[in-house]
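A.B. asks: Structure for the following, please:
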Amino acid sequence: MRFGVLVSTPYPADLDPVQVYRHISAQAEVASSRNFEALFVAQHYLIGPHAAMLQPFPTLAYLAAQAPGLYLGTSIFLLPLHHPVEVAEQTATLDLLSGGKLLFGVGQGYRDVEFQSFGLDRRLRRPRLVEALQVIRKLWAEDDVIFHGRFFDLDEVSIAPTPLQRPGPPILLGADTVSSVSRAPEIADHWIASRRHSKTFLRQALPAYKVALERREREFKGLFIFRDLCMAPSAREAEARITEAYERMYQLYQRWGQPGERYDLSFDELKRERLIVGGPDEVIDQVMAYHREFGAEFMWFTAYWPGMEPQWTLETIQMFGERVIPEVKRITPLCPLP
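C.D. replies: Predicted structure coming up:
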């Protein structure tokens with residue numbers, strides 16, 4: 001298995017932006033020195049005045065210099081809000097800066113305020129996503145690209161430089177319903193199982209995903225999966241650290257209109273289906289359960305939620321990297337992903 005950390009998430013808006021940047025940097029430093037292999041960032045727009053978030057591409061460029069040799073990924077990038085020419089150029093540059101280790105995770109988005117503010121029809125987010133990925137793949141791989149679609153038109157254009165990875169970085173797709181998961185192989189290399197997805201949902205969606213791969217004569221090599229994580233010397237202490245901030249974050253998802261499942265649940269309900277929590281031995285067992293049941297191979301975590309002590313995030317990353325990763329790697333075969 002491989003492991004990563006989502007270092008850029010929503011932060012409280014009243015937190016000094018310099019402190020936000022320093023906390024992201026500290027997470028990357030701890031992770032890169034303790035057996036993690038990847039750093040991820042998220043994206044939203046217009047989440048103020050009560051929350052704040054750094055944007056992904058400049059953050060990843062900074063992390064490429066701070067943590068050379070690690071995979072760098074977006075989890076996820078709101079592609080329908082952007083023009084694919086700009087995205088193809090930016091991601092090609094990031095792939096170079098990372099030494100050919102960019103993982104390009106994309107999603108179609110869901111928040112009305114983002115589409116309204118960009119002057120885009122939210123109902124067209126799926127076709128815009130599909131067409132944008134077609135353009136990006138062509139620009140990564142070809143010269144003198146000609147493309148005439150519903151949203152984008154290109155006439156004999158090329159980008160330079162192109163990505164180190166050929167024909168381009170892996171495309172990972174976020175999808176929140178069984179039907180959208182089953183369509184993921186049509187346009188992406190891998191599906192991202194979100195940290196919001198309950199185990200119940202994964203048991204429904206994963207078989208549909210595998211069937212969709214088989215239809216396209218593609219092998220299921222393992223699951224890219226994103227989970228919530230909190231560690232401490234004991235499960236009781238870990239849960240005490242996270243409960244309030246964790247409930248508040250999932251209630252925010254519900255208010256934002258996040259599709260898929262219900263999120264206005266109690267901590268105990270959320271914990272049973274989504275959260276990896278406890279001391280080292282308990283967490284090893286929980287990670288291995290995901291590996292055995294769902295074929296989890298590339299797993300990354302959120303370890304910070306607005307309102308919790310930043311130091312607890314660093315302690316979680318350090319403990320997982322020192323006590324969990326070596327043991328899991330000892331008992332699992334070589335990771336086939338990405």
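
A.B. asks: Tell me which helix or strand comes right after the helix or strand containing Leu270.
C.D. replies: Element membership of Leu270, judged by DSSP states H and E, is helix 267-274. Note on helix 267-274: by DSSP H and E, the next helix or strand toward the C-terminus is strand 275-278.

A.B. asks: going on from that following strand, what's the next piece of helix or strand?
C.D. replies: helix 280-294.

A.B. asks: by contact count, what packs against that following helix?
C.D. replies: Applying 3 or more CB pairs under 8 Å, 6 or more residues apart in numbering; DSSP states H and E, one finds that helix 280-294 contacts strand 223-231, strand 275-278, strand 296-302, helix 325-331. In this view, the C-beta of every residue, glycine as well, is placed from N, C-alpha and C.

A.B. asks: what packs against the second one?
C.D. replies: Going back to what we said before, that points to strand 275-278. Using 3+ CB pairs under 8 Å, 6+ apart: strand 275-278 touches strand 223-231, helix 235-256, helix 280-294.

A.B. asks: from these, which stretch is densest packed?
C.D. replies: strand 223-231 (a mean of 25; mean count of other CB atoms under 10 Å).

A.B. asks: Give the burial count for Leu270, as a bare number.
C.D. replies: 20 (other CB atoms under 10 Å).

A.B. asks: Which residues are in contact with it?
C.D. replies: Residues in contact with Leu270 (CB atoms under 8 Å, 6 or more residues apart in numbering) are Tyr246, Glu247, Tyr250, Tyr263.

A.B. asks: remind me which residues of the chain are low pLDDT?
C.D. replies: Within the chain, not a single segment meets pLDDT under 70.

A.B. asks: Against Leu314, how distant is the residue most central in space within it?
C.D. replies: For the chain, the residue whose C-alpha lies nearest the mean C-alpha position (CA atoms, centre = their mean) is Ser75; its distance is 2.4 Å. Ser75 sits 20 Å away from Leu314 when distances are taken as CB to CB, to the nearest Å.

A.B. asks: Over to Ser198?
C.D. replies: For Ser198 relative to Leu314 (CB to CB), the value is 28 Å.

A.B. asks: can you check Gly174 too?
C.D. replies: Applying CB to CB to Gly174 and Leu314 gives a distance of 27 Å.

A.B. asks: what does Tyr304 give?
C.D. replies: 9 Å.

A.B. asks: just Arg241 next, same as before
C.D. replies: 12 Å.

A.B. asks: and Leu60, helix, strand or coil?
C.D. replies: Here Leu60 takes the helix state, with states given by DSSP: H, G, I helix; E, B strand; the rest coil.
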